[in-house]
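Enquirer: Below are the sequence and a predicted model; questions follow.
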Amino acid sequence: MKKLLAIGIFTLISVYGFSQTQKPDSLKDVIEKHEGKLNALDDRVLVNEADLSKLNKIKVSGYIQSQWESYGADLEKSNGYNNTFYIRRARIKFTYEALDGVKFVLQPDFSTGNISLKDAYAVVNIPKLKNWTLWAGQMNRPDYEVEYSSSQREVLERSRVIRTIYPGEREVGVKLEYAGTKIPLKFQLMAMNGNFTGAQAKDVDSQKDIMARLVYSVKLPGAGIGIDFGPNVYYGGNLSKNNKYFKNSDGTLDSLKSVWKYLNKNWVGGEIQIFADVLGGMAIKGEYITGINSSLSSVAATSTMAQMLASPSLYNNFSGYYIYFIKNIGPKNQFVAKYDYYDPNTKLSGDAAGNNIYYKTWTLAWQYYLNDFIRISLNYEMPKNEINASNPTDKKDNTLGVRIQAKF
Amino acid sequence: MLVLAVMASLTAYSQEKITVKGSDTMVILAQKWAELYMKTNPSASIQVTGGGSGIGITALINGTTDICNASRPMKQTEIEKLKARYNTLGVEIPCAKDGVTIFLNETNKVSELTLQQLSGIYTGKIRNWKEVGGNDAEIRLYGRENSSGTYTYFHDEVVKADYAANTQSLPGTAAVVNAVKKDVNGIGYGGAAYAVGVKNAKVKKDSNSTAYLPTKESIGKGAYPITRFLYMYLRNRPTGETKKYIDWILSAEGQMVVTEVGYFPVK
């Protein structure tokens, strides 16, 4: 016991003695020690910052449109139901800005039973040509209503003429774009496969379709008015591989002389958007398009002459337009009235038009912006069709829609 | 007590609150404006916050601020968002002028730089001070975060390419000035009002041009090569208290504040 006590006392004395002989660090040492630690931390922050800046180059955005629709009696007959809930769009857009002036965009759509690729393109600033960019991949066709995002559009669906001539909105090709900063001008020129509906990976013929659009902007800041306007043109064709016969817009039968020749697909248009700051924002937007569209005969290569004559390709002179009136009411509400017209065959009317009848559609809508992310839309679409022997009454095809859109 | 409570609530009701958000470069100016205006207009309530021009513009588009301060013009893509949401082009009000100032440490031998040299320095092509007439020492770059209008303006007008990866991004011009003050080999850029305790480099368009410091004279006549406007943006044309406030900012009294803070009057 005595031995243990002696060892304990000895240990305590030695520890005390050791601590007394230890010299405290000088202030300089302490500062140097901490400076070293801070420098190490600084280096780590720099490394983390560099990693974070890489992440900053990726932007993720998207939106979900969930809606309920109620249909008129004729749509109920064809659909089998008069109302439904559904997911209209569910999209995520990934944008990666690899370098200054080099951007990649990928946008899939995940709506129920319809997972599809919407956008997949690269945008590159052309060196030494300020304001010029080159786009390559699958992207929107250069048209105002096509390019105007569904997440921003004030009515639930695009106009009938746009849906018909630009199905799926996208095309595969290359686009050259000039967006002036000093000159308020935008110019787009796109070469594309043509005929793209979202399914085929490659072109179906050798000829590429060309589209061009020019938009000039005028600003009257004193009056709070801005006007964007300009022409657009589409030049393309459909290759008739099996049937040399085609029917003109007026119903007369004609021939290409031989197969493997192109049927024209050409139209011109003009657009205007007027924005005015009148007791809050207001806009009037419109576009008119007219030209000739073609659709290919469905006969097989082995068909007889009689079969070819019975089902020729079609040339249709068409015209269509739309006009929006939009009025913001306070910061959260918006009223919209839209009228659109589409005649798939302007050369024939009445009974001779058969099912190529025109449609005049009124749409009334109300938007409520709950916050930065949520928009609620009430939309009532009232199409009125041409009456003829094939369509003796105005179809009961009005549609009421309520949509909740969540955007991030 | 009840009468007092009613009076207090009525006073609160009669106060029109104006929110101002955006440029960090302008935040000292905007705070000074708000402070002085509220002194002479006690019924007005003005709340000023910074965050950067990009943040301010986003807030304007999202409807969470009445006025956005920006040290760069709005981009076309931002105007398109405003059009889509509010059907207006926005209202742009240039409210002051600034010379983007190049900050150097006071011990730095270099006293002037061309725009091309600045671009070379900030893209990382020029890495040593001796390449621009200084000591044999590595250049340390300080800059702003990418939400800053000054970052964008300097990028678009001077750098014209990607910033060098070793540029240290700092939150606010005051932080940039502070970093350069401590770092003998540092260089930074930012609003003229913040240049305290550092050396301002003269800037010239090219090697044959005259070099200028950002002064009232050089900025007034547009000789300083990196002269810019500072802006206020609104969604709609201003009315009511907001209009009164903006009119005051553009008045001689409001513009005097611009000079006091260290920027330059718009007229």
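Expert: Done, it's in.
Enquirer: Give the burial count for the closest residue to residue A:261 other than its chain neighbours, as a bare number.
Expert: Sequence neighbours aside, residue A:240 is the residue nearest to residue A:261 in space, at 5.9 Å (criterion: Cβ to Cβ, 6 or more residues apart in numbering or on different chains). Every C-beta, even on glycine, is put in place using the N, C-alpha and C of the backbone. Neighbour count of residue A:240, defined by other Cβ atoms under 10 Å in any protein chain shown: 22.
Enquirer: dump the residue contacts of residue A:240.
Expert: By Cβ atoms under 8 Å, 6 or more residues apart in numbering or on different chains, the residues touching residue A:240 are A:246, A:256, A:259-263, A:296-297, A:313.
Enquirer: Please enumerate the helices of the stretch 151-267 of chain B.
Expert: Assigned by DSSP state H, counting those that start in this stretch, the helices in the stretch 151-267 of chain B fall at B:173-182, B:216-220, B:240-250, B:252-261.
Enquirer: For the second one, name the packing helices and strands.
Expert: Spelled out, it's helix B:216-220. Packing partners of helix B:216-220 (3 or more Cβ pairs under 8 Å, 6 or more residues apart in numbering or on different chains; DSSP states H and E): strand B:91-99.
Enquirer: So which bits of the strand it packs on are buried?
Expert: Across strand B:91-99, burial judged by 16 or more other Cβ atoms under 10 Å in any protein chain shown covers B:91-93, B:95-99.
Enquirer: what's the weakest-modelled helix or strand in chain B?
Expert: helix B:2-14 (a mean of 43; mean pLDDT, DSSP states H and E).
Enquirer: Within range of chain B, give me the residues from chain A.
Expert: Contact residues (Cβ under 8 Å from any Cβ of the partner chain) of chain A with chain B: A:46, A:49-50, A:53, A:56, A:99-100, A:148-149, A:152, A:179, A:181, A:219, A:221, A:224, A:226, A:273, A:275-277, A:280-283, A:326-328, A:331-332, A:369, A:372.
Enquirer: Could you give the number of residues near the residue in the stretch 1-150 of chain B positioned nearest to chain A?
Expert: Taking Cβ to the nearest Cβ, chain A has its nearest neighbour within the stretch 1-150 of chain B at residue B:87, 3.3 Å off. Around residue B:87 sit 28 other residues, with neighbours defined as other Cβ under 10 Å.
Enquirer: Repeat that for residue A:100.
Expert: Neighbour count of residue A:100, defined by other Cβ under 10 Å: 14.
Enquirer: what stretches of chain B score poorly on pLDDT?
Expert: Counting by pLDDT under 70, chain B contains low-confidence ranges at B:1-15.
Enquirer: and it, which residues reach chain A?
Expert: For chain B, the contact set with chain A under Cβ under 8 Å from any Cβ comprises B:62-64, B:76, B:83-89, B:91-92, B:146, B:155, B:161-162, B:165, B:168-169, B:235-237.
Enquirer: isn't residue B:105 right next to residue B:186, touching?
Expert: Yes - if you go by Cβ atoms under 8 Å, residue B:105 and residue B:186 touch, sitting 5.6 Å apart.
Enquirer: Please identify every residue contacting each of the two.
Expert: Any residue near both residue B:105 and residue B:186 by Cβ under 8 Å, 6+ apart counts here, and that gives residue B:180.
Enquirer: In the stretch 201-350 of chain A, which residue sits closest to chain B?
Expert: Closest point on the stretch 201-350 of chain A to chain B, by Cβ to the nearest Cβ, is residue A:281, at 3.3 Å.
Enquirer: Now residue B:234: closest residue in space, sequence neighbours ignored.
Expert: residue B:91 (4.4 Å).
Enquirer: which residues does that neighbour contact?
Expert: Contacts of residue B:91 (Cβ under 8 Å, 6+ apart): A:221, A:224, A:277, B:233-238.
Enquirer: Checking my notes, residue A:232 in a helix, right?
Expert: No - checked against DSSP: H, G, I helix; E, B strand; the rest coil, residue A:232 lies outside a helix; its state is strand.
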